[in-house]
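**Student:** Generate a structure from the sequence data that follows.
(3 chains)
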Amino acid sequence: MDLTALANEQKDLAKLVRKYDDPSYTSPIVTGVDVAYAKDIAAGCAVVSNNYTNEIIDSSVIIKEIESDYIHGFFQLREGPIIIELIRSLEMQGIILVDGNGILHPRRFGLASYLGIKMDVQTIGVAKKLMLGEMGPGTGDSAEIIQDREVLGKVLWLNERKPIYVSIGHRITLDTAVKIVSESSVDGYPEVLRRAHKMSKEALNRYKD
DNA sequence: GCGACAG
DNA sequence: ATCTTGTCGC
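**Tutor:** Numbering: from 1, shown residues only, chains lettered A, B, ... in the order given. Below is the predicted model:
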């Protein structure tokens, strides 16, 4: 795998990322995707929920062989293929919350942006660790993440323990992304991502037996 | 070269 | 992410 060429491709595709909301309308449907691993096996799960009624609408699990190790800055190689399959398996996906970054990335093209461009869907990056950038002045429960005078995302303190880092994936504004993540969160973390994480691990353990 | 490093 | 038991805290 030629990472230099892939890095250049990321820079090119980053120019196609749309940092605007889809025309006048934001879907109440949110989807969380996550993947668990054991040896050379990956188990991925997608959970679809309605942000207003809070009910689970759909879910999907896929198990397949790992295609790549984790390479910092190239998370798409590891989780891209299985998540694309997951998204395809859903009848309706709404806005997709991804366990990782969107434009909060060295080349402004993290996994969430990759999936957004590749599948032409609305995506939001939700990371548990800060990948890069400095924190701007905080408002109490949030602060901008900045690098080279460019706002790349926001850190949210939705609980007392641990912040999360939100960034634009594709076809959304940062403000809307923050709003959706906040609304879908329970105890500081999006419930669809929590459920997808749990279900992918459960599926993996079932498979191993 | 060294260390840090989304998951 | 994963390897892993008991244990501290809400």
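**Student:** So which elements touch the helix or strand containing residue A:60?
**Tutor:** Using DSSP states H and E, residue A:60 sits in strand A:56-65. When contacts are defined as 3 or more C-beta pairs under 8 Å, 6 or more residues apart in numbering; DSSP states H and E, strand A:56-65 sits against strand A:41-50, helix A:75-88, helix A:191-208. C-betas here are computed from N, CA, C, even on glycine.
**Student:** and among the ones you listed, the most buried is which?
**Tutor:** Among these, strand A:41-50 has the highest mean neighbour count (mean count of other C-beta atoms under 10 Å), at a mean of 23.
**Student:** Turn the helices and strands packed on strand A:56-65 into CSV, including mean pLDDT.
**Tutor:** What follows is the helices and strands packed on strand A:56-65, written out as CSV (pLDDT from 0 to 100):
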stretch, mean pLDDT
strand A:41-50, 97
helix A:75-88, 98
helix A:191-208, 94
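**Student:** Is the strand holding residue A:60 positioned near DNA strand C?
**Tutor:** No - using C-beta under 7 Å from any atom of the strand, strand A:56-65 never reaches DNA strand C; the gap is at least 12.5 Å.
**Student:** Buried ones in that strand, by neighbour count?
**Tutor:** A:57, A:59, A:60, A:61, A:62, A:63 (16 or more other C-beta atoms under 10 Å).
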